[in-house]
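Chemist: give the three-dimensional model of this entry:
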Amino acid sequence: IVGVFFFHLSTHETPPVNQNISTILAAPSSDLSSILSDRVTSRWFLLRWISRRTNSNHISTATISAMPPPAASSRYPSPSQPSGKSEVTDLKSQLRQLAGSRAPGVDDSKRDLFKKVISYMTIGIDVSSVFGEMVMCSATSDIVLKKMCYLYVGNYAKGNPDLSLLTINFLQRDCKDEDPMIRGLALRSLCSLRVPNLVEYLLGPLGSGLKDNNSYVRTIAVTGVLKLYHISASTCIDAEFPATLKSLMLHDSDAQVVANCLAALQEIWSLEASHSEEACREKESLLSKPLIYYFLNRIKEFNEWAQCLILELAVKYVPSDSNDIFDIMNLLEDRLQHANGAVVLATVKVFLQLTLSMTDVHQQVYERIKSPLLTLVSSGSPEQSYAILSHLHLLVVRAPFIFASDYKHFYCQYNEPSYVKKLKLEMLTAIANESNTYEIVTELCEYAANVDIEIARESIRAVGKIALQQYDVNAIVDRLLQFLEMEKDYVTAETLVLVKDLLRKHPQWSHDCISVVGGISSKNIQEPKAKAALIWMLGEYAQDMSDAPYILENLIENWEEEHSAEVRLHLLTAAMKCFFKRAPETQKALGIALAAGIADFHQDVHDRALFYYRVLQYDVHVAERVVSPPQQAVSAFADTQSSEIKDRIFDEFNSLSVIYQKPSYIFTDKEHRGPFEFSDELGSTSITPEVSSDIVPAQQFEANDKDLLLSTDEKDDNKGLSSNNGSAYTAPYESSNISSQMQELAISGPAASATTTQSSFDFDDLLGLGLSTAPAPTPSPPLLKLNARAALDPRAFQQKWRQLPISLSQEYSVNPQGIAALTVPQSLIKHMQSHSIHCIASGGQSPNFKFFFFAQKEAEPLDYLTECIINSSSAKAQIKVKADEQSTSQAFATVFETALSKFGMP
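Modeler: Numbering: from 1, shown residues only. Got it, this is the predicted structure:
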């Protein structure tokens, strides 16, 4: 029958239009000869009939999707002649022609068509419509065709579970093929379908695969058991596959099968251990001494991946005594000479962890592992060099003296990537000591002229760090000051920052440094950190720099052109310090600075200027002791990482934690991802009940639109180029009066003697405010009335949030009762609603909770939008208010603060 059928496949006739399709497809086997005898019956009907009969015999639930027959006048095109239809339809037609054909060269034609299908699938074109034809064409002994067919089936089976039924028969048949390669490929594809309804079809082939004579098939079968576990854990456990894997692991002669069994059992028992005592015992048995020694004695038989797996297991083993430790180290001694960096690092981790409690031996381990690691740095690819250097850096920080004599290994090569050079500079900084400082600094100074600006910056910073950690800095100071003569903006900027830190720790070098720094024009310094460093030196050493008051005055006159809050803060402090040392020359500049600072829209600048003004008003001598106390040298600068974090990273040696220089919990634990990271908690973000049901939840907005509910760190919206640095903070004094009156400030110098009260009175009088003791407080604005029935669509809220600037940003304290009640965030939402402030969205978890509120002014269509972030640990609430009418933002903030202060109160 099949022979006759394939003979008729070569015909090109099409059926009559009135041919009854259902009659042909439903024809019994006995009618096959009559169907084939009708030469006008097309191959389409024959293929559909064969598919249906085959599937009905083996898979009762399988159906082939209905497809209209071709027109009576049409002919199927040959593979070399496109039909003019879409490319996928054309492929489908050509595959249908070749299905079952045994003509010479048909496999080559199939290969070309399969390659097209795979290429379309790779670039994202949906070719699932040719699923049936691909399955029909899989009946071949060509292993290349089978591989491509398996790849196609594995890609579309999960998304098309009904179509995947078509693959069961031919995959099960291939699992019994004589060729072990085909058996393994078929078994892998069968287990990769990942369709829960097809689990029953996996048990037989998996059981046979685990007992197969060929090691490749057994290796695939072991991995298939793990796939089966993830599809249906209960089925895998009930079939006793874990016990079979354990037996294979202990008795199989092939190392790859043993390694796969170990990996699969580790994962299965780790997942099962949470609810099964037996799985816990089995998991612990993997760390028993006999099993560890069994793996270590066979470690040379395994490939690199398997060796790393075994070494990771050995790290968790707890040796019984020192002899046990030395035995393991002797077994792994030759692994330090392995060509693969991953194996060497895994072995190093075993050595370090085993000897942590043996101080002398631990130090000897450092000496032993140094040479293999340095060899890998110089012989591998840049990526491998970076990974090894990251681990070396961790070791250098713990024992810098061991690597001090090998500093030349960390000199930068001209052809190395910048990320490798940067890490080497950090290494040179860490291992610098009295014996090698001169050579290291000399090398670093050469890098300052590097064409890569970032490397030049890093080299200058490295010189500065070495200067800060050494006692004898004579030569280093001279090198730093030479950088200022290079007349390169970025070199000058980095050097100024380092000179500032150097003077804080070694004030005795002020004379040499100031003489060079005094010749630098502030107009040539554009970077905020460098300008802030220069301003700090102008204020701190005003008595040694003749032009200090005039340079500061010029900077203060251009206050509004300075957009960096850091620079403005330093200007205020430098003006104060300079006033205490050279009052007559600085009083005008100080008056201008205080006036501009109080009127500044940046919260920190405003607060500092107001503080300086009030402390001067209270007592000039007190102000001098507060702002410009006697200079003290800084003994040590704070480390960016605590010793606890460094120890945690060391425990995670040979992992990404070392590369990122952060412990794994920073990435895996939600509470450590930053104070306002809510990307994983969007499932809990909710629209409050008072919002209408047809409103779209806020978490459905696209992230690339910078959805306000998805943002992790709200940018400072008021950072711009508008006048007074673009904020809307209302100062407690009229800025216009202060600006005109404080410029005429004529404060007596610090040497003037007067009582505190008289000094305060004179200060106010000189300002022209007519106040005898203290300025009268600003009258509180009238209480704002809100609409209790306000409503706002989330989309409108989001659009307004993007468009409106921040009116004000404040921090409030939350009472302990409120913090306790915050365990149920809905209670805060209901509480604020009772004060006519409605919540449109909320999210987060302890200790950080994030809410978005809105309110409307009564009798006017004016909205107030508020972001409220509450930290339950610090009992603080940070709010940002955006309003249609910014002049009433402070009044709304008062209402909001009043309502929040009552949260949790009876």
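
Chemist: make it CA atoms for all contacts and neighbour counts henceforth
Modeler: Fine.

Chemist: per-residue confidence at the spatially most central residue of the chain?
Modeler: Of all residues in the chain, the one closest to the mean position by C-alpha atoms, centre = their mean is residue 667, 7.4 Å from it. At residue 667, the pLDDT value in this model is 85.

Chemist: how far away is it from residue 270?
Modeler: Residue 667 is 21 Å from residue 270, where distance means C-alpha to C-alpha, to the nearest Å.

Chemist: and if you look at residue 205?
Modeler: For residue 205, the distance to residue 270 - C-alpha to C-alpha - is 26 Å.

Chemist: more crowded one of those two?
Modeler: Neighbour count, other C-alpha atoms under 10 Å: between residue 205 and residue 270, residue 205 has more, with 21 against 15.

Chemist: got the phi and psi for that one?
Modeler: phi -60, psi -40 (degrees, to the nearest 10).

Chemist: and what of the one 4 residues further on?
Modeler: The phi and psi values for residue 209, taken as degrees, to the nearest 10, are phi -70, psi -40.

Chemist: quick one: contacts for it?
Modeler: Shown in contact with residue 209 (C-alpha atoms under 8 Å, 6 or more residues apart in numbering): 187, 217-218, 220-221.

Chemist: doesn't residue 870 lie inside a strand?
Modeler: Yes - with DSSP: H, G, I helix; E, B strand; the rest coil as the criterion, residue 870 is located in a strand.

Chemist: surely it meets residue 849?
Modeler: Yes - counting by C-alpha atoms under 8 Å, residue 849 is a contact partner of residue 870 at 5.2 Å.

Chemist: of those two, give the one with the bigger neighbour count.
Modeler: More crowded of residue 870 and residue 849, by other C-alpha under 10 Å: residue 870, with 27 against 21.

Chemist: contacts only, for the closest residue to that one other than its chain neighbours.
Modeler: Take residue 870 and drop its neighbours on the chain: the residue closest to it by C-alpha to C-alpha, 6 or more residues apart in numbering is residue 877, 4.3 Å away. Taking C-alpha under 8 Å, 6+ apart as the criterion, residue 877 is in contact with 811-814, 868-871.

Chemist: ok so residue 877 is a strand residue?
Modeler: Yes - counting by three-state DSSP, residue 877 is located in a strand.

Chemist: where along the stretch 751-900 of the chain do the helices fall?
Modeler: Applying DSSP state H, counting those that start in this stretch to the stretch 751-900 of the chain gives helices spanning 756-767, 794-803, 816-821, 825-833, 889-901.

Chemist: so what's the gap between the shortest one and the chain middle?
Modeler: The reference is to helix 816-821. In terms of C-alpha atoms, centre = their mean, to the nearest Å, the centre of helix 816-821 is found 33 Å from the chain centre.

Chemist: what's the answer for stretch 503-512, then?
Modeler: Distance of stretch 503-512 from its chain centroid, counting by C-alpha atoms, centre = their mean, is 41 Å.

Chemist: which residues touch that stretch?
Modeler: 468, 544, 632-636.

Chemist: any idea which of those has the most stuff around it?
Modeler: residue 468 (22 neighbours).

Chemist: so that residue makes contact with residue 499?
Modeler: No - here residue 468 does not reach residue 499: they are 10.1 Å apart, not a contact under C-alpha under 8 Å.

Chemist: what mean pLDDT does the longest helix seen in the chain get?
Modeler: For the chain, the longest helix by residue count, based on DSSP state H, is helix 359-379. The average pLDDT within helix 359-379 is 90.

Chemist: which residues touch the closest residue to residue 869 other than its chain neighbours?
Modeler: Excluding the flanking residues, the one nearest residue 869 by C-alpha to C-alpha, 6+ apart is residue 850, at 4.5 Å. Applying C-alpha under 8 Å, 6+ apart to residue 850 gives the contacts 676, 842-844, 867-870.

Chemist: okay, those in TSV with distance to residue 490 next?
Modeler: Below are those laid out as TSV (distance: C-alpha to C-alpha, whole Å):
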residue	distance to residue 490
676	34
842	45
843	43
844	42
867	39
868	40
869	38
870	41
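
Chemist: in TSV, list those residues along with distance to residue 91 and pLDDT.
Modeler: Output for the contacts of residue 850, formatted as TSV (distance: C-alpha to C-alpha, whole Å; pLDDT from 0 to 100):
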residue	distance to residue 91	pLDDT
676	52	38
842	51	85
843	50	80
844	51	76
867	56	90
868	58	90
869	57	89
870	60	89
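
Chemist: and which of the residues you listed is nearest residue 283?
Modeler: Of all those, residue 844 has the smallest distance to residue 283: 35.5 Å, by C-alpha to C-alpha.

Chemist: and the closest one, how many neighbours?
Modeler: Residue 844: 25 neighbours (other C-alpha under 10 Å).

Chemist: cool, residue 459 as well?
Modeler: Residue 459, neighbours per other C-alpha under 10 Å, totals 29.

Chemist: so it is in which element?
Modeler: Using DSSP states H and E, residue 459 falls within helix 453-469.

Chemist: can you tell me the helix or strand for the residue nearest to the centre of the chain?
Modeler: helix 665-668.

Chemist: and that helix, what other elements does it pack with?
Modeler: Under the contact definition 3 or more C-alpha pairs under 8 Å, 6 or more residues apart in numbering; DSSP states H and E, helix 665-668 sits against no other helix or strand.

Chemist: and with 10 Å instead?
Modeler: Contact here means 3 or more C-alpha pairs under 10 Å, 6 or more residues apart in numbering; DSSP states H and E; on that basis helix 665-668 packs against helix 656-660.

Chemist: residues of the helix it packs on that come out buried?
Modeler: For helix 656-660, the neighbour count (16 or more other C-alpha atoms under 10 Å) marks 657-659 as buried.

Chemist: report the distance from it to the chain centre.
Modeler: Computed by C-alpha atoms, centre = their mean, the chain-centroid distance of helix 656-660 equals 12 Å.

Chemist: hmm, who's touching it?
Modeler: Residues outside helix 656-660 that contact it (C-alpha atoms under 10 Å, 6 or more residues apart in numbering) are 386-394, 646, 648-653, 662-667.

Chemist: out of the residues you listed, which are buried?
Modeler: 386-394, 646, 648-653, 662-664.

Chemist: which of the residues you listed fall in helices?
Modeler: Judged by DSSP H, helices contain the following of the buried ones among the contacts of helix 656-660: 386-394, 646, 648-651.

Chemist: farthest-separated two in these?
Modeler: Maximum distance among those (C-alpha to C-alpha): 20.6 Å, for 386 and 648.

Chemist: alright, calling it a day.
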